[in-house]
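Chemist: Build me a structure from this.
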Amino acid sequence: MTVARARTRQARQIPGFRGELIAPGDDRYDAARAVWNAAIDRRPSLIARAHSTGDVAAVIRHTSDSGTQVTIRGGGHSTPGLAVADGALMLDLSSMKAVTVDPAAAVADAAPGLTWAELDAATHDKGLATTGAAIGSAGIAGMTLGGGIGRLDRLAGLSCDNLLEAEVVTADGRVLTASPGEHPDLFWALRGGGGNCGVVTSLSYRLRPVTHAFGGLLGYPFDHAAQVLHAFAEFAENAPDWLALYAVLLAAPPPLPSIPEGMRGQPMVALLAFSFGTADDHPERTVASLKTLLPPPAVDGTHPMSYLQTQQMGEGLSPRGMHHYDTAEWLNFLDGTAIDALVDAAARATSPRSTIILKRMGGRTARVPAGETAFWYRQAAYNLNVHAEWASGPPDAHRAWAKATRRAAAHASAGGGYVNFTAEDEGPDRIRAAYGGNYDRLIEVKAAYDPGNFFHANHNIPPAVAPQLNDPHSRL
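Modeler: Okay, the predicted model is just below:
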């Protein structure tokens, strides 16, 4: 009997598992283990593709008893490749795609294998939306658990703020409902604490009416970069909640039809503005007022568009099959020192495909108390995301550039980075900082639901050590 057949036969003895099992040697194995980031090339011992919550619970009970390491794959879009590890069992949720939208209640019930493009399409048909990733191929579960920034966060809050309840399989194989009324401590931890407390098998989201927007891309030659970033920071100070606003430094933009021939392949700076105001808000006037702070753009791609079109603008810019590395920082302000440092870093990018992205935060996100969910950085003014992207070859120079770029703005830091943009090699101190002032509470909740740290293939929060009764300093 071959090794692959032996593993498959053994796995089929998992009580209650009815999904697909894919072992090394299976024709489907290489495609099933591949993730969005081509820099990740890992070989799990077995892939268990679940079709139901029962399948997930069966795998968790079996692997917990056997001591097998498990990784969880939803959309497979995690830049550090947390979905897959050498020698581990990959629990693959990508076939769990059910979604139900209740327009009257303005609620979507979604399975964890959905991508944001799939959920957006289902809700947009009903004239509704919730805050989701601007990259449609990203999975809904991982992004939500890490907080979830997107086009609508200033208007509607983060993805995790719009999570109404979740079904969760814990480390002992129990299936729990987490909500404000059931296991509220677990519900709190799921909203910003990453995948530390269990496997989420269903998510219910609050929706809001969103169908159209006005906006798009304003592009300028790179020698205008500092001027554009200063205007971005000035305008961002008083931007209305219904405006999503980004500044992007691109080493060399792809050959998009909207980019003039003379700028293709050349460094540039771009503003992305999406105004979701109602007709009474005159959203086109908001974008027009931004333009008055700058010379006429070389590229003006602003126009009325559907919400789906705003979400689709990022597609193709970071394609599957490229090598990726992300690092990030929450910033309290954007001053001249940070602007000069970021412009200089963009000019020295190690790959023409790398980008530096500044996103204006605030709005409704900032009006949620920092302790209400596990997501901490409510008051940060900006998210700085440094995204290194290259076709192939050694990663060291690209990673070093990304980290140095992030550190160049450290004087403006709110204290840490974004969980979903934290690299695996940044170390435990950076991971702890990503959870901010909620970290100590998170380790207590982790201890309650995963005391053995079974779920550790993530941006890990080790559980609090239970006090010993014979320790005079323990808390009783």
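Chemist: average pLDDT across stretch 306-324?
Modeler: For stretch 306-324, the mean pLDDT works out to 85.
Chemist: Show me where the stretch 251-400 of the chain has its strands.
Modeler: Remark: strands assigned in the stretch 251-400 of the chain by DSSP state E, counting those that start in this stretch are 268-275, 299-300, 303-306, 323-331, 355-360, 382-390.
Chemist: center of the protein - which residue?
Modeler: Met143 (3.7 Å; CA atoms, centre = their mean).
Chemist: follow-up on the earlier one: out of the strands of the stretch 251-400 of the chain, which is closest to Leu93?
Modeler: strand 323-331 (21.4 Å; CB to CB). C-beta here means a position set from N, CA and C on the backbone, and glycine is covered the same way.
Chemist: between the closest one and strand 382-390, how many degrees?
Modeler: On the basis of axes from the mean of the first three to the mean of the last three CA atoms, to 10 degrees, strand 323-331 is oriented at 170 degrees to strand 382-390.
Chemist: Dump strand 323-331 to CSV, keeping only the CA atoms.
Modeler: Backbone C-alpha positions of strand 323-331 (Å, rounded to 0.1, in the frame of the first residue of the first chain) are rendered in CSV as follows:
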residue,chain,number,x,y,z
HIS,A,323,5.1,36.4,-4.1
HIS,A,324,3.8,38.7,-1.3
TYR,A,325,4.8,40.1,2.0
ASP,A,326,2.8,42.5,4.2
THR,A,327,3.6,44.5,7.2
ALA,A,328,1.5,47.4,8.7
GLU,A,329,1.3,50.0,11.4
TRP,A,330,-1.6,52.0,12.9
LEU,A,331,-0.7,55.7,12.8
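Chemist: sorry, back to before: a markdown table please, covering the strands of the stretch 251-400 of the chain and showing distance to Ala98 and mean neighbour count.
Modeler: Below are the strands of the stretch 251-400 of the chain laid out as a markdown table (distance: least, CB to CB, whole Å; neighbours: other CB atoms under 10 Å):
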| stretch | distance to Ala98 | mean neighbour count |
| --- | --- | --- |
| strand 268-275 | 29 | 25 |
| strand 299-300 | 40 | 16 |
| strand 303-306 | 25 | 14 |
| strand 323-331 | 29 | 24 |
| strand 355-360 | 31 | 24 |
| strand 382-390 | 31 | 25 |
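Chemist: Comparing those by mean pLDDT, which bottoms out?
Modeler: The bottom spot among these, by mean pLDDT, belongs to strand 299-300, with a mean of 92.
Chemist: For the chain, which residues score under the pLDDT cut-off?
Modeler: Applying pLDDT under 70 to the chain flags the ranges 1-12, 253-258, 316, 465-476.
Chemist: Who are the contact partners of Val386?
Modeler: 326-328, 345, 354-357, 402-403, 405-406 (CB atoms under 8 Å, 6 or more residues apart in numbering).
Chemist: oh, I was asking about Ser52
Modeler: 18-19, 96 are the contacts of Ser52 under CB under 8 Å, 6+ apart.
Chemist: Can you mark which positions in the helix ranked longest in the chain are buried?
Modeler: In the chain, taking DSSP state H as the definition, the longest helix is helix 53-66. Neighbour-count burial for helix 53-66 flags 53-64 (criterion: 16 or more other CB atoms under 10 Å).
Chemist: looking just at contacts, which helices and strands does it meet?
Modeler: strand 70-73, strand 89-92, strand 163-169, strand 199-206 (3 or more CB pairs under 8 Å, 6 or more residues apart in numbering; DSSP states H and E).
Chemist: Downstream of the longest one, the next helix or strand is which one?
Modeler: The C-terminal neighbour of strand 199-206 among helices and strands, as given by DSSP states H and E, is strand 208-209.
Chemist: how far is that following strand from where the chain is centred?
Modeler: Counting by CA atoms, centre = their mean, to the nearest Å, strand 208-209 is centred 22 Å from the centre of its parent chain.
Chemist: For whatever helix or strand comes next after that strand, which strands pair with it and how are they oriented?
Modeler: Sequence-wise, the next helix or strand downstream of strand 208-209 (DSSP H and E) is strand 212-221. Sheet pairing for strand 212-221, assigned by DSSP bridges, gives strand 268-275 (antiparallel), strand 299-300 (antiparallel), strand 303-306 (antiparallel).
Chemist: you'd agree Ala270 is up against Tyr220?
Modeler: Yes: using CB atoms under 8 Å, Ala270 is in contact with Tyr220, at 7.2 Å.
Chemist: So for those two, which residues contact both of them?
Modeler: Val299.
Chemist: I'd like the contacts of Val386 as JSON lines, with distance to Thr177 appended.
Modeler: Formatted as JSON lines, the contacts of Val386 follow (distance: CB to CB, whole Å):
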{"residue": "Asp326", "distance to Thr177": "32"}
{"residue": "Thr327", "distance to Thr177": "35"}
{"residue": "Ala328", "distance to Thr177": "32"}
{"residue": "Ala345", "distance to Thr177": "46"}
{"residue": "Ser354", "distance to Thr177": "42"}
{"residue": "Thr355", "distance to Thr177": "40"}
{"residue": "Ile356", "distance to Thr177": "41"}
{"residue": "Ile357", "distance to Thr177": "36"}
{"residue": "Ala402", "distance to Thr177": "39"}
{"residue": "Lys403", "distance to Thr177": "40"}
{"residue": "Thr405", "distance to Thr177": "42"}
{"residue": "Arg406", "distance to Thr177": "38"}
